[in-house]
Structure formats: structure tokens, C-alpha cells
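K.L.:
got a structure for you, letters missing:
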């Protein structure tokens with residue numbers, strides 16, 4: 001994710017050496033360290049290769065850093081909010097997967113316009129291998145203006161993604177509500193009135209279980225009334241335009257058996273920004289069944 005394209009390994013900022021590809025522990029006590037700027041950060045990265053997108057017999061999820069992740073459901077591949085380089089703030093590590101190492105991608109999903117979620121550079125760098133782009137209607141409109149074949153969807157609308165291989169699984173994706181209209185308080189973004197439907201989360205049903213990304217959002221009542229998912233991709237930023245820490249604990253405890261894969265933390269070198277500075281170790285101290293808090297290294301697979 002380093003803007004200059006060089007590898008900004010965590011050890012350059014007094015964290016541990018990059019982890020071996022065989023690492024299997026997701027316990028925050030083992031995978032999270034406090035760096036010399038006071039930020040909780042992963043203790044390393046696991047470099048990914050093209051085989052992460054190859055056919056498989058199960059469903060796996062990889063955190064790509066920031067808010068981005070990859071799902072491979074029995075050979076059907078989906079990325080959500082990937083930022084695989086070119087971010088406009090300094091980062092603590094490069095993404096574990098480079099666009100040029102992606103052999104094919106069935107769909108790329110974006111939750112909203114912010115560039116730590118909608119990376120125009122990443123989307124364009126994947127154009128030659130990505131079969132479809134999906135986003136809320138306004139974001140898809142911006143995608144099309146950028147030369148991307150964005151398909152717009154409304155909140156609660158569902159669509160399916162299936163890989164090209166004959167036996168590839170089907171993933172059903174549905175947009176879930178979010179509230180993140182912070183741009184309406186900014187002169188820079190005042191060229192339009194931002195609507196709730198310009199932002200979303202995603203619910204993904206795979207053959208091996210359900211994955212829910214609430215997205216960047218204030219805590220909403222309807223987010224506490226979902227069916228219990230198998231895995232929640234949890235942004236737990238203690239920020240008024242995000243869920244807040246107490247809100248994240250409340251949501252997590254509403255689904256006491258769902259595993260919690262921590263995202264939106266430990267990636268951007270900005271120790272004073274609450275949006276980027278959650279600590280999975282602290283989350284684990286406050287939720288019921290704390291063993292379900294997962295802090296995999298970037299590029300480390302979690303299997304449903």
C-alpha cells in the first residue's frame with residue numbers, strides 16, 4: 001500500500017519481523033503489537049500469491065489491510081474495498097497482494113466513496129482481470145465516469161456472483177444499511193447532498209456460511225436485528241462517524257457466536273486519527289466469548 005511502491009514492512013516501524021506463511025494463530029495477543037508511535041499494528045504480513053484465488057473446496061477470507069478483504073468461496077472470488085497501493089497517506093505496510101499477481105477476480109465490491117474504500121487506482125489496475133464491479137448507485141455512477149463498468153444497487157438489493165469455472169460456487173451479496181454521511185459537514189465535499197443510500201455494508205452468503213460487513217457506519221438499530229452471521233468483518237473505530245468502540249461491543253454482543261474479524265485498524269500511519277486506530281486486544285477484553293475476536297495478519301487466511 002505504500003504510495004511509492006516500495007515494501008514498507010512493519011519491522012521498519014519497530015514491529016516484529018514479517019510472519020511466515022505457515023502462521024495459523026489469529027489471537028490478538030499473538031498478532032498485534034504496539035509500535036513506536038503508539039499504534040496497535042499487526043506483527044507482520046503474509047505475502048499472498050495467485051493460489052489464493054484458485055479453486056478450493058471451502059470458503060476462506062483474507063484481510064488485505066485497512067477495510068479491504070478477499071473472499072474465495074469454492075473458486076468464486078470477491079474483493080471488498082481493496083486498496084492495493086497508491087493510498088494518499090503513509091501506511092505501515094504494503095498490501096499482501098499486488099494487482100499484478102491477481103490472475104482473475106469475479107467481482108469487486110465497494111461500500112462508499114472514501115478513498116480508503118474506493119481506490120480508483122486499485123480498481124483500474126484490476127480492470128483486465130475483474131469480471132464485475134458493484135457499489136451503491138451513486139458510487140457506481142462515479143465508477144463509470146472513471147471508465148469502470150460499475151453496476152449500481154440499492155440498499156437491501158441482492159445480486160449473485162459466480163466464478164467462471166464449471167463447479168464454482170455461487171455467492172449471494174446483499175447491500176445492508178449504513179449511516180456515514182460525514183461529507184455533508186465538509187465544505188470540500190459540499191458539491192452535492194450526500195444520502196444514506198450512498199453508503200452500504202454487504203451481507204455475503206456462501207456455501208460454507210455467511211459473512212457480514214456492516215461497513216463504515218454509525219450504529220443503527222437495524223444492525224442489531226440481523227440473523228446471526230458466521231463471520232462479521234468488524235470496523236470498531238472509536239469515531240463518531242463510525243460505530244464507536246462501545247457501539248462495536250454492543251453489535252458484537254448482539255451476535256455472541258459470530259466470529260469477529262477485525263478490520264479498519266493498524267494500517268495507516270496516523271496515530272492521532274481515531275478512524276484508523278482500534279486495538280483488537282482491547283476489543284477482546286470487552287466482548288462476550290472473547291476467543292472469537294480474530295486479528296489475522298494481512299494475507300493470512302481465515303477459513304469459514
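P.N.:
Here it is on my side, so go on. All figures in this text were calculated on a predicted structure; none of them were measured in a lab.
K.L.:
which one is residue 100 nearest to, not counting chain neighbours?
P.N.:
Using Cβ to Cβ, 6 or more residues apart in numbering and skipping the chain neighbours, the partner closest in space to residue 100 is residue 125 (7.7 Å). All C-beta atoms are positioned from the backbone trio N, CA, C, and that covers glycine.
K.L.:
so who does that neighbour touch?
P.N.:
84-85, 99-100 (Cβ atoms under 8 Å, 6 or more residues apart in numbering).
K.L.:
Where do the helices of the stretch 1-150 of the chain begin and end?
P.N.:
28-31, 120-125, 137-145 (DSSP state H, counting those that start in this stretch).
K.L.:
Let me see the mean pLDDT of the second one.
P.N.:
In this case it means helix 120-125. The average pLDDT for helix 120-125 rounds to 98.
K.L.:
Just the buried residues of that helix, please?
P.N.:
121-123, 125 (16 or more other Cβ atoms under 10 Å).
K.L.:
and what of the last one?
P.N.:
Within helix 137-145, the residues that qualify as buried by neighbour count (16+ other Cβ under 10 Å) are 137-140, 142-143.
K.L.:
pLDDT on the next helix or strand after that helix, on average?
P.N.:
Next in sequence after helix 137-145, counting helices and strands by DSSP states H and E, comes strand 150-153. Strand 150-153 shows an average pLDDT of 98 in the prediction.
K.L.:
in its sheet, what does the helix or strand just after strand 150-153 sit against?
P.N.:
The element immediately downstream of strand 150-153 (helix or strand, assigned by DSSP H and E) is strand 158-162. Sheet pairing for strand 158-162, assigned by DSSP bridges, gives strand 170-176 (antiparallel).
K.L.:
buried set for the strand it pairs with?
P.N.:
171, 173-176.
K.L.:
swap in stretch 156-175?
P.N.:
Here stretch 156-175 shows 161-163, 168-169, 171, 173-175 as buried, counting by 16+ other Cβ under 10 Å.
K.L.:
Pull the contacting residues for residue 50.
P.N.:
Residue 50 neighbours (Cβ under 8 Å, 6+ apart): 101-103.
K.L.:
returning to what we had before: please tabulate the buried residues of helix 137-145 in JSON lines, including the columns pLDDT and distance to residue 94.
P.N.:
Formatted as JSON lines, the buried residues of helix 137-145 follow (pLDDT from 0 to 100; distance: Cβ to Cβ, whole Å):
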{"residue": "137", "pLDDT": "98", "distance to residue 94": "32"}
{"residue": "138", "pLDDT": "98", "distance to residue 94": "30"}
{"residue": "139", "pLDDT": "98", "distance to residue 94": "25"}
{"residue": "140", "pLDDT": "98", "distance to residue 94": "28"}
{"residue": "142", "pLDDT": "98", "distance to residue 94": "26"}
{"residue": "143", "pLDDT": "98", "distance to residue 94": "25"}
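K.L.:
quick one: which of the helices of the stretch 1-150 of the chain is nearest residue 265?
P.N.:
helix 28-31 (10.2 Å; Cβ to Cβ).
K.L.:
what's the average pLDDT for stretch 31-49?
P.N.:
pLDDT averaged over stretch 31-49 gives 97.
K.L.:
start to end distance for that stretch?
P.N.:
By Cα to Cα, to the nearest Å, the extent of stretch 31-49 from end to end equals 21 Å.
K.L.:
Can you name the residues that contact residue 146?
P.N.:
Contacts of residue 146 (Cβ under 8 Å, 6+ apart): 120, 123-124.
K.L.:
mind checking which helix or strand residue 262 is in?
P.N.:
Per DSSP H and E: strand 259-263 holds residue 262.
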